[in-house]
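K.L.:
show me how the following folds:
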Amino acid sequence: MSGLLRGALIEYGSELMGPIPNVVIFQFNPDAMTRTVQVPPRTVSGSSRETTQAGEAAVERIVLTARFSAADEMGQNKSLARMFGVGTRLAALEKMVHPSRELIGAIGAALGGAAAAGRGDSRQAIPRETYPRILFIWGTYRVLPVTLESMSITEQQYDFLLNPTQAEVAITMAVIAADRCAHDDVAEGARKYSTMAKEAQAMANLANTAEQVIELIPF
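P.N.:
Now for the predicted structure:
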């Protein structure tokens with residue numbers, strides 16, 4: 001089906017318009033996805049005045065299993081599948097859970113060396129490692145900034161070079177809450193877009209059930 005949308009994980013830089021270093025499109029959309037909304041503990045003491053006052057924001061976690069197979073591509077004699085099986089997709093996913101070291105280290109060393117030379121100082125700054133910034137895209141109305149909390153890779157079949165040709169990856173991710181100090185315009189824009197889409201759907205549901213709600217209220 002040519003019009004089928006596929007879910008994806010996208011690693012992006014500080015600006016989405018810049019080079020996109022890492023994209024994994026799900027070869028097969030997961031059959032199921034578990035979403036857990038963890039509500040922070042609230043005050044329940046009878047002596048408390050504000051038992052309904054919100055504190056920390058709720059945390060939404062998403063669990064899904066992505067499946068990959070190189071069978072069709074190997075049948076079409078595609079070079080990447082022949083050389084690596086599904087290893088390229090697995091490597092791209094694994095890259096999303098590790099801090100970027102080499103590129104950041106090289107840039108930091110160059111900047112630190114230049115600054116030290118300008119001061120006549122032999123010391124060099126040690127660059128900080130940062131985790132990749134990830135967007136989870138699922139359909140038209142869900143574009144969510146997430147952190148990958150766990151990834152369980154099950155390699156199921158291999159070619160004669162022991163490259164994995166079929167694999168399942170169980171992924172747990174947490175939706176990132178709003179953070180004004182993060183200076184991440186892409187994440188903030190994605191979060192606002194997805195929130196507005198959800199609120200619009202909730203309003204549409206209210207319009208659908210307005211008559212039923214009136215019948216439920218006895219006064």
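
K.L.:
buried ones in stretch 165-178?
P.N.:
Residues 165, 166, 167, 169, 171, 172, 173, 174, 175, 176 are the ones in stretch 165-178 that count as buried (16 or more other CB atoms under 10 Å). The way it works is simple: take the backbone N, C-alpha and C, and place the C-beta from them, glycine included.

K.L.:
give me the contacts around the helix or strand hosting the second one.
P.N.:
Here residue 166 is covered by strand 164-175, with elements defined by DSSP states H and E. Contact partners of strand 164-175, identified using CB atoms under 8 Å, 6 or more residues apart in numbering, comprise 59-71, 74, 81, 85-87, 89-90, 93, 134, 136, 144-159, 191.

K.L.:
mind running it again at 6 Å?
P.N.:
Identification of contacts with strand 164-175 by CB atoms under 6 Å, 6 or more residues apart in numbering yields 59-70, 85-87, 144, 146-159.

K.L.:
for this protein, what's the longest strand?
P.N.:
Using DSSP state E, we find that the single longest strand of the chain is strand 143-158.

K.L.:
okay, and the helix or strand of the chain with the least pLDDT?
P.N.:
Every helix and strand of the chain was ranked by mean pLDDT, DSSP states H and E. The lowest is helix 102-119, at a mean of 50.

K.L.:
low-confidence ranges, this protein, go.
P.N.:
The chain contains residues with pLDDT under 70 at 1-2, 14-20, 42-55, 100-128, 180-181, 211, 213-215, 217-219.

K.L.:
quick one: name whatever helix or strand follows the strand or helix carrying residue 81.
P.N.:
In this structure, residue 81 sits in helix 79-84 according to DSSP H and E. Once the chain leaves helix 79-84, the next helix or strand it forms, by DSSP H and E, is helix 87-95.

K.L.:
show me what that following helix is packed against.
P.N.:
Contacts defined by 3 or more CB pairs under 6 Å, 6 or more residues apart in numbering; DSSP states H and E place helix 87-95 against strand 22-25.

K.L.:
can you rerun that using 10 Å?
P.N.:
If you count contacts as 3 or more CB pairs under 10 Å, 6 or more residues apart in numbering; DSSP states H and E, helix 87-95 packs onto strand 8-12, strand 22-25, strand 59-69, helix 79-84, strand 143-158, strand 164-175.

K.L.:
just the angle between it and strand 164-175, please?
P.N.:
Between helix 87-95 and strand 164-175, the angle comes out at 30 degrees (axes from the mean of the first three to the mean of the last three CA atoms, to 10 degrees).

K.L.:
next, the angle from helix 87-95 to strand 143-158.
P.N.:
Going by the same axes, to 10 degrees, helix 87-95 makes 130 degrees with strand 143-158.

K.L.:
what residues of helix 87-95 count as buried?
P.N.:
Within helix 87-95, the residues that count as buried by 16+ other CB under 10 Å are 87, 88, 89, 90, 92, 93.

K.L.:
dump it to PDB, keeping only the CA atoms.
P.N.:
In PDB, the C-alpha atoms belonging to helix 87-95 read as follows (Å, rounded to 0.1, in the frame of the first residue of the first chain):
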ATOM      1  CA  GLY A  87      22.900  -4.400  10.800                       C
ATOM      2  CA  THR A  88      22.800  -0.900   9.400                       C
ATOM      3  CA  ARG A  89      19.300  -0.300  11.000                       C
ATOM      4  CA  LEU A  90      20.400  -1.800  14.300                       C
ATOM      5  CA  ALA A  91      23.500   0.300  14.300                       C
ATOM      6  CA  ALA A  92      21.500   3.500  13.600                       C
ATOM      7  CA  LEU A  93      19.200   2.700  16.500                       C
ATOM      8  CA  GLU A  94      22.000   1.900  18.900                       C
ATOM      9  CA  LYS A  95      23.600   5.200  18.000                       C
END
